[in-house]
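Asks: build me a model:
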Amino acid sequence: MARVGVGVGMLEISRVAGALERIPSFGEKVFSAAERAYCDAGVRPSERYAQCLAAHGAVLKSLGMTDAAGVRLGDVAVESGERGQLVAGLAGKVAQAAREQGVEEVVISLSRTHEVAVANAVAMTDAARPRPREEHDPKRELQASFREAKSIIDELERLQDGIMDTLEGEGQDERPRTDEAPTQGPIGE
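Replies: Next comes the predicted model:
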């Protein structure tokens with residue numbers, strides 16, 4: 001069954017910055033090592049931390065997990081996907097909920113203003129996943145039409161050769177053979 005779940009998370013950047021200052025272990029408890037490396041590499045790390053935390057909430061909402069009972073802070077992580085897009089890394093109860101729903105991937109989009117971090121998450125089953133479109137390539141289409149025309153011509157030539165062989169075979173049976181004398185019929189008698 002095709003299923004798509006959408007979640008949006010929003011956080012004030014100043015609140016996340018305050019938590020990072022007041023609670024030194026906050027970053028290690030909430031974010032994966034890869035997330036911390038990404039956030040700390042930015043000019044304003046608190047903005048990136050706020051985006052990642054907003055993404056955690058958006059992912060839970062996309063999976064319909066409004067009750068976060070039993071969910072650990074590290075059960076969701078923002079990661080880079082195979083094609084370079086941001087995806088959710090899932091663990092624990094969040095991964096279990098995704099499996100039960102048939103969710104194959106949760107794609108994430110991050111944004112921010114000077115004051116607010118925003119994240120969108122889209123949870124998709126395989127049946128709902130967008131498929132790449134085949135590109136229109138006129139050169140390939142022309143080559144394919146030439147190959148098709150060539151095969152039709154080849155088939156017509158084979159048929160023509162077969163017809164000619166048949167006609168030649170029938171004509172030989174009706175003509176007198178050169179080693180036999182022609183017989184005269186009742187007129188020439």
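Asks: when you work out contacts or count neighbours from here on, use the C-alpha atoms and nothing else.
Replies: Noted.
Asks: just how off-centre is the helix of greatest length in the chain within its chain?
Replies: Ranked by number of residues, the top helix in the chain under DSSP state H is helix 138-174. The chain centre lies 42 Å from the centre of helix 138-174; the measure is CA atoms, centre = their mean, to the nearest Å.
Asks: output the contacting helices and strands for that helix.
Replies: Under the contact criterion of 3 or more CA pairs under 8 Å, 6 or more residues apart in numbering; DSSP states H and E, the helices and strands touching helix 138-174 comprise an empty set.
Asks: this structure: helices as residue ranges?
Replies: Secondary structure of the chain (DSSP H): helices at 13-22, 26-30, 33-40, 45-62, 92-101, 138-174.
Asks: domains of the protein?
Replies: The record assigns the chain these domain ranges, following automatic domain parsing: 4-128, 133-168.
Asks: turn those domains into CSV, including mean pLDDT and mean neighbour count.
Replies: Output for these, formatted as CSV (pLDDT from 0 to 100; neighbours: other CA atoms under 10 Å):
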stretch, mean pLDDT, mean neighbour count
domain 4-128, 91, 18
domain 133-168, 77, 11
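Asks: how far away is residue 72 from residue 123?
Replies: 19 Å (CA to CA, to the nearest Å).
Asks: so what touches stretch 75-92?
Replies: The set of residues external to stretch 75-92 that reach it, using CA atoms under 8 Å, 6 or more residues apart in numbering, is 31-32, 34-35, 52, 55-56, 59, 71-72, 74, 93-95, 105-109.
Asks: now do 7 Å
Replies: Applying CA atoms under 7 Å, 6 or more residues apart in numbering, the contact partners of stretch 75-92 are 31-32, 35, 52, 56, 94, 106-109.
Asks: now stretch 6-21
Replies: Contacts to stretch 6-21, defined as CA under 7 Å, 6+ apart, come from residues 26-27, 46-47, 50, 54-55, 57-59, 61-62, 115-123.
Asks: alpha carbons of it, as PDB, please.
Replies: What follows is stretch 6-21, C-alpha atoms only, in PDB (Å, rounded to 0.1, in the frame of the first residue of the first chain):
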ATOM      1  CA  VAL A   6       4.300  14.500   6.400                       C
ATOM      2  CA  GLY A   7       5.600  16.200   9.500                       C
ATOM      3  CA  VAL A   8       6.700  19.700  10.200                       C
ATOM      4  CA  GLY A   9       8.900  20.900  13.100                       C
ATOM      5  CA  MET A  10       9.600  24.400  14.200                       C
ATOM      6  CA  LEU A  11      11.900  25.700  17.000                       C
ATOM      7  CA  GLU A  12      13.100  29.000  18.200                       C
ATOM      8  CA  ILE A  13      16.900  29.100  17.600                       C
ATOM      9  CA  SER A  14      17.500  31.100  20.800                       C
ATOM     10  CA  ARG A  15      15.900  28.400  22.900                       C
ATOM     11  CA  VAL A  16      18.200  25.700  21.500                       C
ATOM     12  CA  ALA A  17      21.300  28.000  21.900                       C
ATOM     13  CA  GLY A  18      20.300  28.600  25.500                       C
ATOM     14  CA  ALA A  19      20.000  24.800  26.100                       C
ATOM     15  CA  LEU A  20      23.400  24.200  24.600                       C
ATOM     16  CA  GLU A  21      25.000  26.800  26.900                       C
END
